[in-house]
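Student: I need the structure of the sequence given here:
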Amino acid sequence: QYRLVESGGGLVQPGGSLRLSCAASGLSLDYYAMGWFRQAPGKEREGVSCISPSGGATNYADNVKGRFTISRDNTKNTVYLQMNSLKPEDTAVYYCALSQGYSSCQRGNFGAWGQGTQVTVSS
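Tutor: Presented below is the predicted three-dimensional model:
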C-alpha cells in the first residue's frame with residue numbers, strides 16, 4: 001500500500017514564503033505526473049500546479065503563476081511546492097496528488113492524494 005504525505009504547512013504573514021513537500025512511500029513516482037491542489041473552507045477544490053514525470057513540464061493556475069514553483073526529486077521520491085509572496089487568499093489545505101499523465105493532472109484527474117497540510121496566511 002502506498003502513501004503520499006505532505007508537510008511544510010503553517011502560519012505565515014502576507015508576503016512570506018513556505019515550501020511544501022510531498023513524500024511518497026510504497027511506490028515510485030518516476031512514472032507519474034504529480035500535482036498540488038488546495039481547498040479552502042466552503043470553497044471548491046482548486047488545482048494549483050502540475051509537473052510531468054520527468055519534471056520537464058510544469059503548469060500553474062493563473063492566480064499563483066509567478067509566485068509558486070513546483071519541482072520534484074525522483075531520487076528522493078518527493079515533490080515540492082515553493083510558495084512565495086503569499087496572500088491571505090492562498091489560505092487553504094494543500095494536497096499533493098498523483099496522476100496517470102500530465103494532461104490528466106492538468107484536467108484535475110487524480111488517482112490518489114495525501115492527507116493535506118494547512119497553509120494559513122494572516123497577519
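
Student: residue contacts, the residue nearest the centre of the chain?
Tutor: Residue closest to the mean C-alpha point of the chain, counted by CA atoms, centre = their mean, is W36 at 2.5 Å. Counting by CB atoms under 8 Å, 6 or more residues apart in numbering, W36 touches L20, C22, G47, V48, S49, I70, V79, L81, Y94, Y95, C96, A97. To be clear about C-beta, it is placed using only N, CA and C from the backbone, and glycine gets the same treatment.

Student: sheet partners, orientation included, of the strand or helix carrying it?
Tutor: Assigned by DSSP states H and E, W36 belongs to strand 33-39. Within its sheet, and counting by DSSP bridges, strand 33-39 is paired with strand 46-51 (antiparallel), strand 92-99 (antiparallel).

Student: among those, which comes closest to N59?
Tutor: strand 46-51 (5.2 Å; CB to CB).

Student: so what's the gap between the closest one and the chain middle?
Tutor: In terms of CA atoms, centre = their mean, to the nearest Å, the centre of strand 46-51 is found 6 Å from the chain centre.

Student: off-centre distance for whichever helix or strand comes after that strand?
Tutor: Using DSSP H and E, the helix or strand that follows strand 46-51 towards the C-terminus is strand 58-60. Distance of strand 58-60 from its chain centroid, counting by CA atoms, centre = their mean, is 11 Å.

Student: give me the sheet partners of strand 58-60 and which way each runs.
Tutor: When pairing is defined by DSSP bridges, strand 58-60 lines up against strand 46-51 (antiparallel).

Student: contacts only, for the nearest residue to N109 once chain neighbours are set aside.
Tutor: Using CB to CB, 6 or more residues apart in numbering and skipping residues adjacent in sequence, the residue nearest N109 is S99, 6.1 Å away. Each residue near S99 by CB under 8 Å, 6+ apart is listed here: Y32, A33, M34, G35, C50, C105, N109, F110, G111.

Student: mind doing that once more with 6 Å?
Tutor: Residues in contact with S99, defined by CB atoms under 6 Å, 6 or more residues apart in numbering, are A33, G35, C105, F110.

Student: among those, list the two that are farthest apart in space.
Tutor: Greatest spatial distance in the contacts of S99: A33 and F110, 9.4 Å, computed using CB to CB.

Student: understood, closing this out.
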